[in-house]
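[1] Whatever this is, show me its structure:
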Amino acid sequence: MTKIIIASALSALLATTVSNEVLAAETTANTQDMSQMVNLEGMEKCYGVARPGQNDCGTATHGCGGEAKIAGDKKEWIIMPKGLCNKIVGGSTKAS
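    Here you go, the predicted structure:
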């Protein structure tokens, strides 16, 4: 009986360790994907023009794209071709 309990505990520990490593790898991959997206040649972040739910990435108040709550929030951004942002009312290439 004791051997079964020990084997079960070891199995649970191994499963937890493996799932944590997979989660960490996925998080790193997602972060790298976003940083690659932001660095696209000919593109730039444009702040202050995102509609609610249409932002491209996280800010200090949330961690994901699509979570903007207010239209035109100066901290929310979307990716667009370089030079276009400054032609849009309220658009800025720098966060406020």
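
[2] Just give the closest residue to Gly90, not the sequence neighbours.
    Closest residue in space to Gly90, ignoring its immediate chain neighbours: Gly48 at 4.5 Å, by C-beta to C-beta, 6 or more residues apart in numbering. All C-beta spots, glycine's among them, are computed from the backbone N, C-alpha and C.

[3] count of residues packed around Lys3?
    Burial of Lys3 is recorded as 7 neighbouring residues (other C-beta atoms under 10 Å).

[4] What of Ala71?
    14.

[5] swap in Gly91?
    17.

[6] Repeat that for the one 5 residues further on.
    Taking other C-beta under 10 Å as the criterion, the count of residues near Ser96 is 8.

[7] how about the nearest residue to it, chain neighbours excluded?
    Lys74 (3.6 Å).

[8] helix/strand/coil for that neighbour?
    Of the three states, Lys74 takes coil under DSSP: H, G, I helix; E, B strand; the rest coil.

[9] right, and the helix or strand after the helix or strand bottoming out on mean pLDDT in the chain?
    Of the helices and strands making up the chain, the lowest-confidence element is helix 2-38, at a mean of 60, by mean pLDDT, DSSP states H and E. Sequence-wise, the next helix or strand downstream of helix 2-38 (DSSP states H and E) is strand 43-47.

[10] Next, the buried residues of that next one.
    By 16 or more other C-beta atoms under 10 Å, the buried positions in strand 43-47 come out as 44-47.

[11] per-domain residue ranges of this structure.
    If you go by automatic domain parsing, the domain ranges for the chain are 1-39, 42-96.

[12] re the thing from before, from the buried residues of strand 43-47, which single one is nearest Cys57?
    Cys57 lies nearest to Lys45 out of the buried residues of strand 43-47, by C-beta to C-beta, at 8.4 Å.

[13] Tell me what the residue nearest to that closest one when sequence neighbours are not counted is bridged to.
    Nearest residue to Lys45, sequence neighbours excluded (C-beta to C-beta, 6+ apart): Trp77, at 4.4 Å. In this entry, Trp77 is beta-bridged to Tyr47, by DSSP bridges.
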